Each structure stands twice: as structure tokens, then as C-alpha cells.
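fold the following for me, if possible:
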Amino acid sequence: MKNTLSITLVALLLWSTSILAATPKDTLVQAWLFDDIITMDPQEMFEISTFEIHANVYDTLVIFDLDDTAKIVGVIAQSWEVGDDGKTYTFKIRDGIKFHSGNVLTAHDVEFSFRRMLQMDASPAFLLTDLGPSVDNMEDTVKAVDDNTFVLTVGDAFAPSFVLNVLTAANFSIVDKNEVLAHEKDGDMGNEWLKTNSAGSGPFILKSWKPNESISVVRFDDYWRGTPPLNRIVWRHIGESTTQRLLLEKGDVDIARNLPADQLDPLKENPELAITSTPQGTNYYLGLNVRNEYFAKEKVRQALKYLVDYDAMTQTFLRDTFVVNQTFLPYGFLGSVEDTPFGFDPAKAKALLTEAGYPDGISVTMDTRNTWPVMDMAQAIQATFKEGGVNLEILPADGKTTLTKYRARKHDIYIGRWGVDYFDPNSNAVFAANSDNSDEAKSKPLAWRNSWQDETLTGLAKGLVMEKDAAKRAAGYNDMIRQHWKRAPFVMMFQQVEAAAYNKNLQNFRLGPSADTNFYHTVSKQ
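Alright, predicted model coming up:
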């Protein structure tokens, strides 16, 4: 009798645990990595993970069509016109959009958001200053004419597609002027408050962010495109892919976002789960700081490009989730190139190192995010570097720590992940163009982070944003890529194909081609 009772109690316990494991019907729970997040302020943030959160908390003037990334569609902007001078962009703002506070969104909020980006002068400010507006001229170049009309005046007659694509970046999220200024302290324009709060008009409201633990948003019932079906979305920071898979199989999460091929394969046989994947505008690369005496020499930079076994990685632990891309443009972008001129060739690398004056090899460090797939890449690269005479010490840390060090130009090598800010090739000109290489530079693109300036490539990048002929523009980026291969301190390696495994009870779930196009306002559960 005692054994029977014990078995019954265990069975009841297991049954109750499985019931508790199922996520609530009105709540979406994801297992995801987001240790790179530093701030939630849209005019300050510049980390890939934050873009996904902002896409669901804020609205922008315009965005690209997910099914045709060459097409721009209005969000807050109902329509727009480009003046005859090619510099004046007039946007008509939709009626009836409310912020989470209940305040009505007007052109004055757009003006405030754009000027705030300029005045804060944080990392994303270059997106706007590169178009011409600045703190000095913003009274004339960034202005609300009335509640429904916003005018942006750019510095030159750029290709309109370029200007509009820039404005799709999540850093142009429109914030609630009155709500933000109500939380202003010591003239910070609400920055300290917005680091952990939100003031948007999107389908969800930021509820909480606990670094390296969880992010939670709740439904905004008065969202202008309709009340979202889900009441709450939770992103749980889960560093181990095996743990993500286990939580998904148990029903503790609805989506697992960071699974390698060997974790995805078994899930394909589970009738309750599905897998989706989408090529991303995201590249993985090695940034070589030319302040290091070794990387100041072009032959050393070239040698390292022959010491990565690109194919071996994409055929094994990166299978199904990455493809080799040795350029700074994702495949499918205007001007992208599919050539892969670098293969694993230790003998060639050693010869280049010898020509550079290092016949006995070199020793360097690499700052590495301590999560999949970056650590796996780093360990593979460490092994292949050794075959070419390069002793590589891996310095693992969380994403926030490694990124902060990289932005301060204090690295030897940084193994990086870069997602496009907008779907135009100029978004990735940051790998090539650098107008000011001084420590005090206002604009700090990836070329700057690696202490590298190439006047020829910088000039090409500036000229191509003016080119209105798409064929000529594409040819120009082809040329930039081929010059970049020869001189740049970047080992361009892979383009991500983001995959996610999810419970089939989810409806309308899809991954967009960029972090800020993963939308949840139409997702529901059966």
C-alpha cells in the first residue's frame, strides 16, 4: 500500500509540474541571448539585441517592406515628398496615434526625437549627422511645421532611397516628448530614465529589463494598428543552447533562439515543434586594431585572412545557421559580391608573416563574447592560427564587456557581430569609411574602432550615397569590396542565417531579415 501511494504521489507531482511548465496562453516566452544590451534609450542604444525590443515598443517614420526590402513603407509617416532641390523631405504624420502615456503623437515629437539624437551625440548620432543635420543647424534642418507636418532637410541631394533607408533604423524611434522631459534630470533629456523605461507608441510597453536575466514587455491596448493578441512577451537570457532546447521541449519556453545545428536536428522530429530560418543582414568578422604594431602592417592583416578555416566551420558547428561571406555586405544587398578569395592556407600565411618581418610568428589576444557561437568560432580560429605561426590568447567575457573594450580601441583582435542599421549598402560602409581617426572623433565607425583610415575608400563611400543610378552604385560597392579585401584590417567571415525552434501553437511568428524586423504584434497562440 505504501509503495502504491508513493507511486501515485510521484505521478501527481510529475503531472502538476508538466501543467506548470506550459507558458500562459496570453504570454510568449523566449530563450535568447542578450548580454550585449547596455541601454534601452533608443537615441543611445547601438547593440543588436536592443533593436528587437525597440521594434516592438516604438514606431519609426518609415520601415522597409519585409517581403521586398527595396520598398519603403510608411509607419508614423502617412506619406512623404522629396523637394525639387533633392534635399527637403516633407512627412505627413498619421492622425490618431497615441503614446503609451495617452499623449497624442505629433510632428513635434518627431522633431524632438531627431534633435534629441543630435544633442545627446551618442553612438547612433552619426546616422543623422552624416545626412547633414547637426546641433548647430537643427533649428532649420529638423523641424515640425505643424502637428501633422515634419520637415527634414539634408545636406546634399542624396539618393532618396539612401535617405529613407537610413530613417528605418530603430534609433529613429519616436519618443514621447512630454513624457521624456517629465523625467529629465540635470539636462539629460530623460536619458537616465530611458535607460530602463520606455516612452513609445508601439504595440508593447517595456515593463522590466534585468541585465543578463530577463526582459519583459506588456500589451498596449490602444495601439493604433490594433490591440495585440498577446498580453505579455518575456525574453529569458539563457546562455547554453542545450538548456534552451530542454526548456523548449519541456514547454517552459515557446521559442528557442540560439540553437546550433546539432540541437536543431533532433527537434525536427518533434511533431509539436517547428523550425523557421531567415538570412540576416548580420556579419561575423575579426577586427584587427592597427594600433597593434603587427596589424599596422598590411601583410600581417592579409596573413590572418588565410588562417581561418571558413568552410570547416560552416560544414560542422555552424552548419545551417551561417554561410561564408568574406565581404562587408550581406548577400542580396545592392553591390554585394559572392566571391570568396580567402581559403585556409597556413603556408601562404607564414610566407606573408615572413615578408612582414615575423618569420617566427606573432602572439596576440582576442576579446571574445563567452557564448555560442562566438566561443566556438574563437576556439576553432585559435587552432588554425597556430598552424600559421600565430599564437592567439582568447580573452572571454560577456557581450557588454567585450563591446565596451572594443569601442574604446583597447583590443588586439575583436571577434564581432555586426547587424545592418538599415537596408542600404551604405549601412556597412562603416567597415571602410572613416573621416576622422582621432580619439576625439564624433563619428566612430568600425574602421575607427580598429584605428584604421583609408582616404580612398572613405571618398568612395561618400560618393556612392549621391549616386542615383542603381547599376553604377552597385558597381561602386563591388569596387569598394575588392579594395577592402586587399587593405582592410577586417577578416570578414560569415553571414548569419538565424534559426528559431518554436511551439506549433504559435501563429504568425516569423523572423525578419534584421533584429528590428522581428515583430510580435500579430503573433498569437492557439
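
quick one, domains of the chain?
Here the domain assignment for the chain is 58-177, 280-497, based on automatic domain parsing.

nearest to Lys525, out of the ones you listed?
domain 58-177 (21.6 Å; C-beta to C-beta). Any C-beta I mention is one placed from the backbone N, CA and C, and that applies to glycine too.

how far is the closest one from where the chain is centred?
20 Å (C-alpha atoms, centre = their mean, to the nearest Å).

sorry, back to before: okay, the domains of the chain in a markdown table with mean pLDDT and mean neighbour count next?
What follows is the domains of the chain, written out as a markdown table (pLDDT from 0 to 100; neighbours: other C-beta atoms under 10 Å):
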| stretch | mean pLDDT | mean neighbour count |
| --- | --- | --- |
| domain 58-177 | 96 | 19 |
| domain 280-497 | 97 | 19 |
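
now the ones you listed in TSV, with distance to Met189?
TSV is the format used below for those (distance: least, C-beta to C-beta, whole Å):
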stretch	distance to Met189
domain 58-177	5
domain 280-497	18
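
any idea how far the residue nearest to Phe158 when sequence neighbours are not counted lies from Asp156?
Leaving out its chain neighbours, the residue that sits closest to Phe158 by C-beta to C-beta, 6 or more residues apart in numbering is Val465, at 5.3 Å. Distance, Val465 to Asp156, using C-beta to C-beta, to the nearest Å: 8 Å.

kindly report the same for Glu467.
12 Å.

got it, and Pro271?
From Pro271 to Asp156 the distance is 57 Å (C-beta to C-beta).

so where do the strands sit in the stretch 1-150 of the chain?
Remark: strands assigned in the stretch 1-150 of the chain by DSSP state E, counting those that start in this stretch are 27-32, 62-65, 68-74, 77-82, 88-93, 142-146, 149-153.

contact partners of stretch 224-235?
24, 26-30, 32, 34, 53, 56, 94, 96-98, 201, 203-204, 207, 214-221, 520-525 (C-beta atoms under 8 Å, 6 or more residues apart in numbering).

just the buried residues of it, please?
By neighbour count with 16 or more other C-beta atoms under 10 Å, stretch 224-235 contains the buried residues Trp224, Pro228, Pro229, Leu230, Arg232, Ile233, Val234, Trp235.

roughly how far is that stretch from the heart of the chain?
22 Å.

over to stretch 192-207?
Relative to the centre of its chain, stretch 192-207 is centred 19 Å away, using C-alpha atoms, centre = their mean.

next: stretch 271-279.
That offset, for stretch 271-279, works out to 21 Å (C-alpha atoms, centre = their mean).

closest to Ile255 out of the domains of the chain?
domain 280-497 (15.3 Å).

wait, a strand at Leu457?
No: under the criterion used here (DSSP: H, G, I helix; E, B strand; the rest coil), Leu457 is helix, not part of a strand.

now Ser336: closest residue in space that isn't a chain neighbour?
Leu329 (4.3 Å).

give me every residue that touches that neighbour.
Leu329 neighbours (C-beta under 8 Å, 6+ apart): Gly335, Ser336, Val337, Pro425, Asn428, Tyr477, Ile481.

can you pull out the strands in the stretch 201-350 of the chain?
Secondary structure of the stretch 201-350 of the chain (DSSP E, counting those that start in this stretch): strands at 204-210, 214-219, 232-237, 255-256, 273-288, 322-324.

reformat the strands of the stretch 1-150 of the chain as JSON lines; add distance to Tyr406.
What follows is the strands of the stretch 1-150 of the chain, written out as JSON lines (distance: least, C-beta to C-beta, whole Å):
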{"stretch": "strand 27-32", "distance to Tyr406": "22"}
{"stretch": "strand 62-65", "distance to Tyr406": "28"}
{"stretch": "strand 68-74", "distance to Tyr406": "28"}
{"stretch": "strand 77-82", "distance to Tyr406": "35"}
{"stretch": "strand 88-93", "distance to Tyr406": "34"}
{"stretch": "strand 142-146", "distance to Tyr406": "31"}
{"stretch": "strand 149-153", "distance to Tyr406": "31"}
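
distance of the residue nearest to Phe158 from Ser113?
23 Å.

can you check Lys185 too?
19 Å.

ok, now Asp265?
For Asp265, the distance to Ser113 - C-beta to C-beta - is 45 Å.

over to Asp222?
For Asp222 relative to Ser113 (C-beta to C-beta), the value is 20 Å.

now Lys98
Counting by C-beta to C-beta - Lys98 and Ser113 are separated by 16 Å.

let me see the contact set for Lys525.
Residues in contact with Lys525, defined by C-beta under 8 Å, 6+ apart, are Lys25, Asp26, Leu28, Pro229, Leu230, Asp254, Asn505, Leu506, Gln507.

from Arg115, how far out is it?
Lys525 is 41 Å from Arg115, by C-beta to C-beta.

my read is that Thr153 contacts Asp140, right?
Yes: counting by C-beta atoms under 8 Å, Thr153 does reach Asp140; the two are 6.7 Å apart.

ok so, going back, in helices, which of the contacts of Leu329 appear?
Among the contacts of Leu329, DSSP state H puts Tyr477, Ile481 in helices.

any idea which of the contacts of Leu329 is closest to Lys386?
For the contacts of Leu329, the nearest to Lys386 is Ile481 (29.2 Å; C-beta to C-beta).

list the residues that contact the closest one.
Per C-beta under 8 Å, 6+ apart, neighbours of Ile481: Thr327, Phe328, Leu329, Gly335, Val337.

the same query, at a cut-off of 10 Å, please.
Ile481 is in contact with 326-329, 335-337, 339, 425, 431-432, 488, 492, counting by C-beta atoms under 10 Å, 6 or more residues apart in numbering.

return the closest of these with respect to Arg301.
Ala488 (7.3 Å).

for the closest one, what are its contacts?
285, 287-288, 290, 298, 301-302, 305, 328, 431-432, 446-447, 450, 452, 454, 457, 480-481.

nearest to Pro124, of the strands of the stretch 201-350 of the chain?
Closest among these, using C-beta to C-beta: strand 273-288, at 16.6 Å.

that closest one vs strand 68-74, what angle?
Comparing the axes of strand 273-288 and strand 68-74 via axes from the mean of the first three to the mean of the last three C-alpha atoms, to 10 degrees yields an angle of 100 degrees.

quick check: mean pLDDT across stretch 26-41?
Mean pLDDT, stretch 26-41: 96.
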